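J.: quick one, structure for this:
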Amino acid sequence: ECKIAYASRTQTPEWAKEVLSKIKIRRTGETLADIAISAQWGSGTKLRHFGRIKKETGIKYNKMIFFDDEDRNITDLNGVGVTSVLVNRG
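T.: Numbering: from 1, shown residues only. The predicted model follows:
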């Protein structure tokens with residue numbers, strides 16, 4: 001089973017939520033906003049965001065996968081055991 005959470009330093013979380021609510025999953029008709037088990041928006045590091053996700057969901061870091069376009073976030077989260085993938089073109 002795959003669970004999805006979002007973590008972003010966006011200064012416009014309402015816009016981000018709106019975008020996620022417009023992307024539908026064909027098989028279920030749900031949106032990406034509907035299926036999130038956690039969403040961490042706004043200031044703070046990815047370590048902070050993922051710490052909250054871990055606390056809310058009980059999912060261990062070594063069971064998480066993270067995609068990002070910033071090396072610093074990849075390095076930070078790899079350091080705590082999150083499998084992290086650098087996406088060069090954001």
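
J.: I25 is in contact with L32, correct?
T.: Yes - the criterion here is Cβ atoms under 8 Å, and L32 meets it with I25 at 7.4 Å. All C-beta atoms are positioned from the backbone trio N, CA, C, and that covers glycine.

J.: the two: who's more crowded?
T.: L32 (16 against 11; other Cβ atoms under 10 Å).

J.: now the closest residue in space to that one that isn't next to it in sequence, what's its secondary structure?
T.: Residue nearest to L32 in three dimensions, not counting chain neighbours: L20, with 4.2 Å by Cβ to Cβ, 6 or more residues apart in numbering. What DSSP: H, G, I helix; E, B strand; the rest coil gives for L20 is helix.

J.: apart from its chain neighbours, what residue comes closest to R52?
T.: Leaving out its chain neighbours, the residue that sits closest to R52 by Cβ to Cβ, 6+ apart is Q40, at 5.3 Å.

J.: host element of that neighbour?
T.: Assessed by DSSP states H and E, Q40 sits inside strand 36-41.

J.: residues in contact with the helix or strand following that strand?
T.: Scanning forward in sequence from strand 36-41 by DSSP H and E, the next helix or strand is helix 46-57. Residues outside helix 46-57 that contact it (Cβ atoms under 8 Å, 6 or more residues apart in numbering) are 3, 5, 7-8, 37-38, 40, 59-61, 64, 66, 68, 73, 76-77, 80, 82.

J.: those residues in helices, which ones?
T.: N73, D76, L77 (DSSP state H).

J.: so the first one versus K55, what's the distance?
T.: What that stands for is N73. Noted for N73: a distance of 19 Å to K55, by Cβ to Cβ, to the nearest Å.
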